[in-house]
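A.B. asks: Let me see the structure of the following:
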Amino acid sequence: MRLRSSVFACLVLLLEVAGVALFLRGFFPVPVKSSFSSKSRLADLPAEPLAGSSPNSSRLPRPLFRRVVLMLVDALREDFVFGADGGSYMPYTRHLVEKGSSHSFVAKARPPTVTMPRIKALTTGSIPGFIDVVMNLNSPALVEDNLIWQAKTAGKRIVFYGDDTWVRLFPKHFMEYDGTTSFFVSDYTEVDNNVTRHLDSTLKRDDWDILILHYLGLDHIGHISGPHSSLVQPKLLEMDDILKKIHSSLVSKETEGSLPYLLVLCGDHGMSETGSHGGSSEPEVNTALLLISPAFKRKAGMEKPGVVEQVDLAPTLALGLGLPISQNSVGRVIPGVLEETSLRDQLRFLHLNGHQLSCLLRDSMPDYEKEAGFEQFRVAEKAHGSWMKLYLEGNTSEVLTNMGKKVLKQYLEALAAMSSALSKQLGKYDMYSMIAGMVFVFQLLLVLLLAMPEALSGAAAVDLPVLSSLLSLPFYLLCLLLASVHVLVCTSAESSCYFCSLSWGLVFAAVAFSSAMFCILISVATRRLPVGPTIHGKSPMRSSGGEWSLSELDVLLLAGTVGHTLSLAASSFVEEEHQTWYFLLNTLCLAVFQDVCRKYFREQRGSGDDEDRLLPSKDSHSSAHPKPEILSEKWLALATPPFTLVCCRLLRSLNQTGVQWAHLPDVSHWLNSSEHKTVLSLLSAFCLLLIYLLVQRRCSLVSKVALALGLLGVYSYRAAVGNVLFPWQHSNRTATKGTVEARFVYVFVLGILFSGTKDLLRSQIITADAKLKSRGLWEIYGGLVLVVSLLFRAHNLPVLCGGLLIQTLMAQFIWKKLHYDAAQTTIMHYWFGQAFFYFQGNSNNIGTVDISVGFVGLESYIEAPAIVLTALSTYAGPLLWACHLVCYLSSERERSPVALSHGCYCLALLRSVPAAAYIVLVTALRYHLFIWSVFSPKLLYESMHLLLTAGVCLFFIAMEQSPGSTKS
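C.D. replies: Now for the predicted structure:
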């Protein structure tokens with residue numbers, strides 16, 4: 001079967017996406033869960049330990065609290081309460097911390113620090129799987145054993161107001177509820193008012209036992225303007241007033257002899273210095289936890305808050321309400337909550353917690369008996385039994401008290417060890433699905449590599465021996481072998497495998513595909529083995545003969561791509577990947593500068609009949625007096641690489657990214673401060689004007705007008721949301737959501753895209769006009785630039801402006817004048833796209849994804865547009881450079897008609913190599929200390945980038961003029 005290079009590359013990418021998806025399904029583990037029964041029950045609780053033969057009762061201590069109010073403030077960083085500004089941010093709360101009957105803690109959340117996994121951790125006590133960061137967008141009902149289910153089963157009446165993630169996770173669990181969407185981040189006022197409006201009436205009633213409030217406004221402010229915004233203090237003061245109201249109401253209803261109340265103030269996650277969350281930095285994982293109850297001792301002054309795990313709250317609340325601990329909880333009860341209870345009750349609470357952890361440990365680890373924590377628990381349990389025997393005999397000596405305290409200490413050490421051991425075993429990998437996905441991806445990558453000589457040939461077509469492979473004997477033998485392996489694995493696997501749960505039709509298709517790919521690989525490899533590359537350092541072009549020749553630039557591009565792929569094996573290089581791309585980009589600019597100097601200086605002294613010289617004059621007169629425009633062109637070409645270097649260095653300073661230096665102040669922080677709003681306004685206006693001048697050159701008159709009005713709308717939108725100012729505006733004006741202004745821009749975006757699509761269709765179907773096709777492509781590119789300028793924050797507009805300027809200069813004076821071929825041009829575009837991904841402020845940390853852009857122009861949360869806009873904003877750099885590549889290769893009339901096919905193939909190869917290598921690396925490093933905080937987020941980024949590249953390759957195919965019909 002004969003396929004064009006572009007079609008072949010796109011097909012390989014789409015199949016790789018399927019292989020990576022299968023790998024992801026196996027890699028992201030199912031969290032540790034007990035397999036004994038679905039839920040814990042009171043009847044299953046162990047008896048109280050007692051030395052001797054007579055069995056003791058399974059007596060439970062009475063509940064510690066009658067009512068519990070859980071006030072969850074989304075993104076409540078610990079320094080908002082306990083930090084230096086805590087007194088001004090939340091004065092009443094700070095008073096309770098310093099002098100009230102309370103316990104203060106810094107609760108550490110595990111990554112991913114996004115809302116839905118954190119709610120799971122708070123209610124189940126388990127550590128959710130990392131893939132829950134994706135499920136956060138559409139949370140399914142939680143079937144795992146959890147605190148809410150236990151409370152409802154015990155007859156507790158639960159009322160909830162706030163983030164509707166709770167309603168989706170716990171349907172039919174609440175006696176009364178009112179959910180608000182958590183994703184419309186432009187709203188930070190109504191989203192909290194919708195919770196508070198129920199508060200007065202609810203607090204007056206006595207028909208509830210548990211009240212849960214989830215406030216979202218602080219998190220939304222963080223996404224919009226960061227933790228140091230002027231909006232943060234008023235919001236925290238509002239939260240402080242609400243806490244005061246709840247506390248006063250609970251105190252007024254406290255009666256003598258009844259069980260006390262418990263008021264819990266906590267955050268689900270923190271907030272990074274840029275206002276986002278999802279990663280593992282200290283500001284993101286350190287949350288405030290405040291427990292307030294008359295059952296606790298009153299404090300004499302400010303104490304340093306203790307440190308607990310966020311999952312510790314679930315067993316603490318369960319025991320405090322007299323409920324069984326959730327079966328899959330890895331948390332341990334917070335000792336301070338038990339300090340005012342009797343020693344017998346304290347030991348009993350710790351014994352129940354230890355029994356639950358030991359059962360989970362036994363069920364999830366084959367060699368659980370070797371765990372130090374399990375052995376410590378057995379020793380403590382035995383000592384507890386001896387203490388109980390003396391206690392029941394009426395012994396009241398000091399020896400009994402000291403012995404009890406010793407047992408208490410043993411229990412606490414055992415709980416800490418078992419909890420730590422369970423937390424380290426986040427889940428069980430589905431190795432079969434991982435290996436199957438890895439094999440698919442590597443088979444496709446090898447086919448892609450072996451097809452390189454044909455794919456980059458003048459015909460730009462790949463001949464795949466599909467039919468001969470399907471009719472060969474090895475194909476059928478491989479099918480039988482792989483089917484047998486599948487049956488063997490699925491029947492003998494101890495844990496469930498996703499690949500085994502697929503229907504036999506899908507499995508047979510996968511087996512047949514893998515067998516066919518193996519046969520094709522062998523067939524293609526036998527044809528390719530004699531071919532070998534040779535190194536040649538003179539010319540930046542490939543020789544016209546059958547032999548490959550690599551220029552110095554080719555060697556750099558190849559070595560850089562391979563070096564970057566190998567660097568992904570180190571966690572530090574993944575965290576600071578932007579440094580790798582900045583270094584490669586700087587080196588590329590220097591190599592290009594060398595080529596420019598060689599062309600304009602060294603070759604100028606060469607033979608007079610050199611066809612590629614920019615100064616082709618043969619007579620001495622014209623050589624002595626070259627044309628002014630040729631001289632200016634020469635100096636502009638010489639200035640382009642140094643200018644690109646300077647431009648990239650300035651853009652690097654705009655956003656600090658990565659991990660090591662992300663906390664340092666950068667230019668964006670300076671620009672976004674309220675006292676520099678005028679500077680940001682002038683910079684934004686200048687950048688939008690320059691964007692118009694750079695983009696409008698190749699557009700029709702209608703598109704030019706639409707682009708101008710659209711960019712004016714972009715500035716109006718930024719002024720409406722309070723980022724910039726018009727000359728007649730005051731800096732203290734009230735900000736709005738800017739919905740009307742954003743929709744105004746969307747109208748012109750659609751108009752430009754419609755105009756470009758119309759020209760493309762006319763050129764492809766009616767007239768076959770190359771100039772019309774080129775104009776249509778550049779208009780579509782202009783529409784994409786317009787929507788990106790709307791989505792980018794005001795301080796990031798120089799990144800977009802700088803990218804367009806570099807594209808213009810490189811296209812005019814470098815790629816065209818130095819006759820770089822399609823492969824070299826594609827690799828350069830790819831490198832620039834990767835660097836600009838980091839110039840935007842992105843990193844391999846999920847916390848740097850700006851989800852607020854998903855709601856630009858939307859009145860409410862709509863899932864599909866929000867996902868598309870967020871992906872477009874996040875990957876704007878790579879997408880804009882890839883689309884520019886399509887436009888540039890299509891509009892260059894001097895280029896070969898197969899340039900687009902070559903570019904598409906190279907782009908697919910550049911994405912496939914690191915993606916395939918990385919899934920091998922994360923498989924080998926799956927037990928690495930930083931697997932969840934560093935390597936897993938990068939895997940999600942790589943997968944998403946692969947999917948987007950497949951979409952870009954489809955665009956390549958649509959724009960390519962077919963030299964002939966596809967043959968089979």
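
A.B. asks: Please put the alpha-carbon coordinates of stretch 852-863 into CSV.
C.D. replies: Provided in CSV are the C-alpha atoms of stretch 852-863 (Å, rounded to 0.1, in the frame of the first residue of the first chain):
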residue,chain,number,x,y,z
SER,A,852,-9.4,30.8,34.1
VAL,A,853,-9.0,31.3,30.3
GLY,A,854,-11.5,28.5,29.8
PHE,A,855,-14.3,30.9,30.9
VAL,A,856,-13.4,33.9,28.8
GLY,A,857,-16.7,35.1,27.3
LEU,A,858,-18.8,32.5,29.1
GLU,A,859,-21.6,33.2,31.6
SER,A,860,-21.6,29.7,33.1
TYR,A,861,-19.5,26.6,33.0
ILE,A,862,-19.8,24.7,29.7
GLU,A,863,-17.4,21.8,29.6
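
A.B. asks: Flag every buried residue along it.
C.D. replies: Neighbour counts over stretch 852-863 (16 or more other Cβ atoms under 10 Å) mark 852-858, 861 as buried. Just so you know, the C-beta spots here come from the backbone N, C-alpha and C atoms, and that holds for glycine as well.

A.B. asks: Looking at those, which is nearest P61?
C.D. replies: Y861 (44.2 Å; Cβ to Cβ).

A.B. asks: thinking again about what came up before, greatest separation within the buried residues of stretch 852-863: which pair is it?
C.D. replies: Maximum distance among those (Cβ to Cβ): 13.4 Å, for V853 and Y861.

A.B. asks: okay, and the common contacts of these two?
C.D. replies: Common contacts of V853 and Y861 (Cβ atoms under 8 Å, 6 or more residues apart in numbering): none found.

A.B. asks: So which residues of the stretch 301-450 of the chain form strands?
C.D. replies: For the stretch 301-450 of the chain, the strands defined by DSSP state E, counting those that start in this stretch cover 306-309, 427-428.

A.B. asks: quick one: low-confidence ranges for the stretch 451-600 of the chain?
C.D. replies: Along the stretch 451-600 of the chain, the model assigns pLDDT under 70 to residues 493-496, 529-549.

A.B. asks: elements contacting the host helix or strand of L880?
C.D. replies: Using DSSP states H and E, L880 maps to helix 876-891. Judged by 3 or more Cβ pairs under 8 Å, 6 or more residues apart in numbering; DSSP states H and E, helix 876-891 is in contact with helix 770-791, helix 797-810, helix 822-839, helix 899-924, helix 936-959.

A.B. asks: For that helix, C-alpha coordinates in PDB please.
C.D. replies: Only the C-alpha atoms of helix 876-891 are listed here, as PDB (Å, rounded to 0.1, in the frame of the first residue of the first chain):
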ATOM      1  CA  ALA A 876      -0.500  28.300  22.100                       C
ATOM      2  CA  GLY A 877       3.300  28.400  21.500                       C
ATOM      3  CA  PRO A 878       3.600  25.000  19.900                       C
ATOM      4  CA  LEU A 879       0.300  25.400  18.000                       C
ATOM      5  CA  LEU A 880       1.100  28.800  16.600                       C
ATOM      6  CA  TRP A 881       4.500  27.700  15.400                       C
ATOM      7  CA  ALA A 882       3.100  24.600  13.900                       C
ATOM      8  CA  CYS A 883       0.400  26.500  12.100                       C
ATOM      9  CA  HIS A 884       3.000  29.000  10.900                       C
ATOM     10  CA  LEU A 885       5.000  26.100   9.500                       C
ATOM     11  CA  VAL A 886       1.900  25.000   7.400                       C
ATOM     12  CA  CYS A 887       1.400  28.600   6.100                       C
ATOM     13  CA  TYR A 888       5.000  29.100   5.300                       C
ATOM     14  CA  LEU A 889       5.600  25.900   3.500                       C
ATOM     15  CA  SER A 890       2.400  26.300   1.500                       C
ATOM     16  CA  SER A 891       3.000  29.900   0.500                       C
END
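
A.B. asks: avg pLDDT for that helix?
C.D. replies: Taken as a whole, helix 876-891 carries a mean pLDDT of 93.

A.B. asks: the inter-axis angle of that helix versus helix 770-791?
C.D. replies: Calculated by axes from the mean of the first three to the mean of the last three Cα atoms, to 10 degrees, helix 876-891 forms an angle of 170 degrees with helix 770-791.

A.B. asks: these two touch, right, Y861 and I851?
C.D. replies: No - contact status for Y861 versus I851: not in contact, 10.6 Å apart, counting by Cβ atoms under 8 Å.

A.B. asks: L638 belongs to a helix?
C.D. replies: Yes - assignment of L638 by DSSP: H, G, I helix; E, B strand; the rest coil places it within a helix.

A.B. asks: how far away is the closest residue in space to K156 that isn't next to it in sequence from G162?
C.D. replies: Leaving out its chain neighbours, the residue that sits closest to K156 by Cβ to Cβ, 6 or more residues apart in numbering is D209, at 4.3 Å. Computed as Cβ to Cβ, to the nearest Å, the D209 to G162 distance reads 18 Å.

A.B. asks: more neighbours, the two?
C.D. replies: G162 (26 against 18; other Cβ atoms under 10 Å).

A.B. asks: secondary structure class for that one?
C.D. replies: Classified using three-state DSSP, G162 is strand.

A.B. asks: so how far is V868 from it?
C.D. replies: With Cβ to Cβ as the criterion, G162 and V868 are 27 Å apart.

A.B. asks: now P324
C.D. replies: 44 Å.

A.B. asks: So if I had to pick from those two, which one is more boxed in?
C.D. replies: P324 (24 against 11).
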